[in-house]
Structure formats: C-alpha cells, structure tokens
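> The sequence and its predicted three-dimensional model are supplied below.
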There are 2 protein chains.
Amino acid sequence: MAGQKKDGKAAPDKTLWERLEQPAAPRASLSLERIGAVAVQVADAEGFAAVTMRRLATELGVAPMAAYRHVSGKDDLWALMAERVAAEYRIPDELTEWREVLHAYALLTRELMLRHPWVGELPTALFVLTPGRMAIAERQLAALDGLGLDEDTMMVAFRTVSAYAHGAVSSEVAVREWTQSEGWSSGAETRMGLAPQMTYLMDSGRYPTYRRYGLRSRRKDDATWMFETGLECVLDGIAARLGI
Amino acid sequence: MAGQKKDGKAAPDKTLWERLEQPAAPRASLSLERIGAVAVQVADAEGFAAVTMRRLATELGVAPMAAYRHVSGKDDLWALMAERVAAEYRIPDELTEWREVLHAYALLTRELMLRHPWVGELPTALFVLTPGRMAIAERQLAALDGLGLDEDTMMVAFRTVSAYAHGAVSSEVAVREWTQSEGWSSGAETRMGLAPQMTYLMDSGRYPTYRRYGLRSRRKDDATWMFETGLECVLDGIAARLGI
DNA sequence: ATCTGGCTGCGTACAACGTACACAGGTAAT
DNA sequence: ATTACCTGTGTACGTTGTACGCAGCCAGAT
C-alpha cells in the first residue's frame, strides 16, 4: 500500500541527506558523492546549462538512465550541487565576535559564488533547507547567541546579511558572465562595446543622474570595494539598530 | 557583408528597446507589447516554466514560429517580461528624502516579486540593464543626489538596498512557493509536514542554536516583519556609515 | 494594370532534453 | 539451487527551442 516495493527508483524511504551520509553501496559504480562531484565539475567548466542527465551519464561512463537509481531527477541533482557548495564554507573557529563571523560569511559567499557562478541559477529554496545550509546558519546564530538578543532579532541579523550577500553577488556574477560572454575583458572595453545601445538610452535624456555617475565614478568597476563597502553598511546597521 | 538582409528574423538593426517603443507595425497581429503581456500573464498564472514559445503561440492564437519575427528567442522574451515588471515600479513623486525613496523602492520590490513570483527565475542580468531598471536607478540616484556624497558612495547606497531587497525577497518567494507546492498553508502546517525530515536533522544534535531558535521564535513566519526590520537595519547602516 | 520587394505569419523538421518502463546481470540470503 | 534484491541498460515517448523555406499581403514604382 504505502511503501512501494518492486522496481522503484532511487531508494525512496530515506531522505536524500540520509543517503548522502550513508557509506556508498559496496558494489555500485555510482554514488551520490560521485554524481554530485561530476555535476559541480561540469557546471564549473561549462555552465549550469551543460549539466544534463545525459551529459552527466557520459561523464560518469554510464548509460543515460543509470543515475536515476540514485537521484530522483534534476531536483535531487541540484540539491546535491547546492550541498557541495555549502560544504565549502569554512568559517574559522577562531572567529567568535558576531561581526567577524557574519563578515567572514559574507566574504565567503562572494568567493564561492564567484568560483561557482552557476550557484545563482539554482532554485533558491536550496539556500535554506539543506543540512549544509543549516550548519552555516547554526554557526552564525551561535555567534549571535548570548548577546541578549531575542530569537527573532537574531534571525533578522543573520538573514539580513545573507540576503545582502546573495543579492549583491548574484548581480555581480550576472554582469560578469554577460560581459565575458560578449568577450569584453575590462570595464573600458565593456563601455566601448555597450556604447551604441548606451548612446540610444543616454541620449534620451531620461537618466541625467545616472549619466553623471557614469562619467564621474572612479570605483564603478571595483566589485570588491562595492561589495565590502555595502557589507560594512549592513553590519553597521545591524549593530546600531539591534544595539550590539 | 555586415548588415544581413533577406529573410532574417526579428528586425536586427534596432535594439529590442527601440523596437519596443516604436509604435506597433500597422498590419501585424503580433507586437512586442502583446507578446510581453501574454508572457507575463502565463507566468503569473502557471509559473515561469509554463512560458514556452509554443504555449505563447497558442495563447496568442498564432503558429508556433510566429513570435520569432518579433523576438530573437527566449532571451528577448525574458527581457520583455523583466521590462514589464520594471514598469510597474511607481515611486510617488512626493517622496524626496533619500531614505523614503529607498524604503519605498524596497517595499515595492517585495510587492512586485510577490505578485510575480517568477521574477527570481529570470536571468539576473536583466535586473541591471534594461531601460526600466535604469529609470528606477535614476530615481534612486536622484534622491541621493545633493547630499554631498561622491558618485561611488551614492552607488553603494543604492546597490546595497537593491541587493538586500532582491536577496531577501527571492528567498521568501522560494520558501513560499515550496510550501505551497507541498500544499501547506500555514507555518504550523509546514512544520508538521517537515517534521519527519526535520527530526532526522535536528536529532543529529548538530544544530542546537537553530533548534532553540525554532522553538522560541515567535515571529518566524512573519515575513513582512522580517523584511522590514532587516530593511531598517540596512538603511540605518547606510545613514550611519555615509553620514547622511 | 502590372511588377517588385519587403513584412508578416505558417509548416515542416530536427536535435536535445527529462524521464517512464521493462529488463538483465550479479551478489547475498535461504 | 532457488529466491529476492540491487544496480545499471536499452528503448521509447512527449516536449522543448528554433533553423529554414515558403506564401500571402501591402506599398510604391513602373
């Protein structure tokens, strides 16, 4: 009735996370570990869109349908990929001050998302509910613990930094990928390539302030400075408003 | 040589944005306007994935390939969709204080992304480079103008708020869509449905602070409060650090 | 009137995708 | 030796994006 037997697919009774932790089956050439690793590898090398079940299969030296014994489909696959990235977070144990921890978290987020530019294309829900994400949240909440904040406020602090980091980096990555795809390698080159369309828009006179910014800003292309300055604002605000 | 003639596709010489502003061709049953409108409609009603070229065609009462005369493919289509949402931003002219403007922008972002939950699935580059987005940026930069900030700092202020808003709402939407897809309608119901997997993770003892948070937090499910509190932090931080 | 050229929409066609389903080979328990 | 399960295979279907050539139509030139 409830528990289907017979020729089901990827062992249904257990969560993906349980199966992931369990030691790989003895006489199996595939494992969640290996599948996830290859998926990340392909995405890093050729972009998120290159991660297809068939591509994975050839990369794993296996028939197209083989992976389905281990993952339910692309959903599981994405979850594995998200989990692998989450596992790369390494916030040093020495850091104890809440601000240091949140700061390190944000910089790490940027680093990882630049290293794995496809992360922004994953379904966003995967940034909340996997064990790896929960471990990261745990680390941050622990750093905010004992400061006299109530639980709601702690959660706001932690989520605010996450939201900023994720939002900022995903737009940075998008712009970077786009300019790369157009073959522009510097800010100057980009502006050159963009000039024709830009002229049309700018000459409309609709964006005077934006235009002045474009002419006068010097750090426009310094993504690191932009990100870190914004981050300091966010952390200042948390400190000020929450009185910590 | 350069300018291809013959049976090309969607009028190549002009930008999508130029063509969008141009009055619709006289004897054409399709127009960029109409295509964009229908795409948004379908996405609102049935999700981003339901927006396929074929679905659009039937919705427009036209053959599958017809739309390709107007848009180059899905890229253009997504751009049209992004632009339509951008056009829904209405920051009242009465607002002049930078903080009011940025605050209104953030709340509007949340409102629009909740109304069009598929926005988070659009390629992120579309949040930067369309005329509508530039108009929004212009409005914000104008509000930050004349406060004695240099252009770099103005840009940081504006981008920080955008990053927070976008990041916060996209995770809110993701969670909301996911719980809806599981058929849970309240926070309590969600926790109930999640219990089996949650138990596995929580019982591992790896997330003590997280667990305590889960037990004690009262506003956990109040997304509005979470968003607005975080936003106030961000705005406070900008005000403090930038001295405005 | 007739011709001509450019739009606009149509029809066909193809390669790639996700994945359902039935099966085969091997190992382990009986 | 039989059984049952587990893992990987082969085939097949429906859906997608979109390339390509054609057909009708209107405008202006002849």
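That came through fine.
> contacts and neighbour counts: CA atoms only from here.
Noted.
> element containing the residue in chain A that chain B sits nearest to, please.
Closest contact between chain A and chain B, by C-alpha to the nearest C-alpha, is at A:G237 (3.4 Å). Using DSSP states H and E, A:G237 falls within helix A:223-242.
> Next, the angle helix B:223-242 makes with that helix.
110 degrees (axes from the mean of the first three to the mean of the last three C-alpha atoms, to 10 degrees).
> neighbouring contacts of helix A:223-242?
By C-alpha atoms under 8 Å, 6 or more residues apart in numbering or on different chains, the residues outside helix A:223-242 that reach it are A:99, A:103, A:106, A:149, A:153, A:157, A:160-161, A:164-165, A:168-169, A:172, A:219-220, A:244, B:156-157, B:159-160, B:232-238, B:240-241.
> Repeat that for stretch A:104-118.
A:43-44, A:47-48, A:85, A:88-91, A:119-120, A:161-162, A:165-166, A:169-170, A:173, A:231.
> now for the helix or strand hosting A:Y164, which elements pack on it?
Applying DSSP H and E as the criterion places A:Y164 in helix A:151-181. Where contact means 3 or more C-alpha pairs under 8 Å, 6 or more residues apart in numbering or on different chains; DSSP states H and E, helix A:151-181 is packed against helix A:98-115, helix A:131-144, helix A:223-242, helix B:151-182, helix B:208-216, helix B:223-242.
> picking up where we left off before, pull out the buried members of the contacts of helix A:223-242.
Neighbour-count burial (16 or more other C-alpha atoms under 10 Å in any protein chain shown) applied to the contacts of helix A:223-242 gives A:99, A:103, A:106, A:153, A:157, A:160-161, A:164-165, A:168-169, A:172, A:220, B:156-157, B:159-160, B:232-238, B:241.
> who in chain A is up against DNA strand D?
A:6-7, A:11, A:25, A:27-31, A:62-67, A:69-70 (C-alpha under 7 Å from any atom of the strand).
> Write a ChimeraX command that selects only the buried members of those.
In ChimeraX, this line selects whichever of the residues of chain A next to DNA strand D come out buried by 16+ other C-alpha under 10 Å:
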select /A:30,31,66,67,69,70
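> A:A239: how many residues sit nearby?
17 (other C-alpha atoms under 10 Å in any protein chain shown).
> CA atoms only: put the helix or strand bottoming out on mean pLDDT in chain A into CSV for me.
When each helix and strand of chain A is scored by mean pLDDT, DSSP states H and E, helix A:187-203 comes last, with a mean of 83. Only the C-alpha atoms of helix A:187-203 are listed here, as CSV (Å, rounded to 0.1, in the frame of the first residue of the first chain):
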residue,chain,number,x,y,z
GLY,A,187,35.4,47.9,-17.8
ALA,A,188,36.7,50.2,-20.5
GLU,A,189,36.2,47.6,-23.2
THR,A,190,32.7,46.9,-21.9
ARG,A,191,31.7,50.5,-22.1
MET,A,192,33.1,50.6,-25.6
GLY,A,193,31.0,47.6,-26.7
LEU,A,194,28.0,48.9,-25.0
ALA,A,195,28.3,52.4,-26.5
PRO,A,196,25.9,52.0,-29.3
GLN,A,197,23.0,50.9,-27.2
MET,A,198,24.1,53.1,-24.3
THR,A,199,24.0,56.2,-26.6
TYR,A,200,20.5,55.5,-27.5
LEU,A,201,19.4,55.3,-23.9
MET,A,202,21.5,58.1,-22.6
ASP,A,203,20.7,60.5,-25.3
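> next one: that helix to chain centre, how far?
30 Å (C-alpha atoms, centre = their mean, to the nearest Å).
> and if you look at stretch A:59-71?
That offset, for stretch A:59-71, works out to 25 Å (C-alpha atoms, centre = their mean).
> what about that stretch, start to end distance?
16 Å (C-alpha to C-alpha, to the nearest Å).
> Count the neighbours of the spatially closest residue to A:S171 that is not a sequence neighbour for me.
Nearest residue to A:S171, sequence neighbours excluded (C-alpha to C-alpha, 6 or more residues apart in numbering or on different chains): B:T124, at 5.9 Å. Neighbours of B:T124 under the rule other C-alpha under 10 Å: 21.
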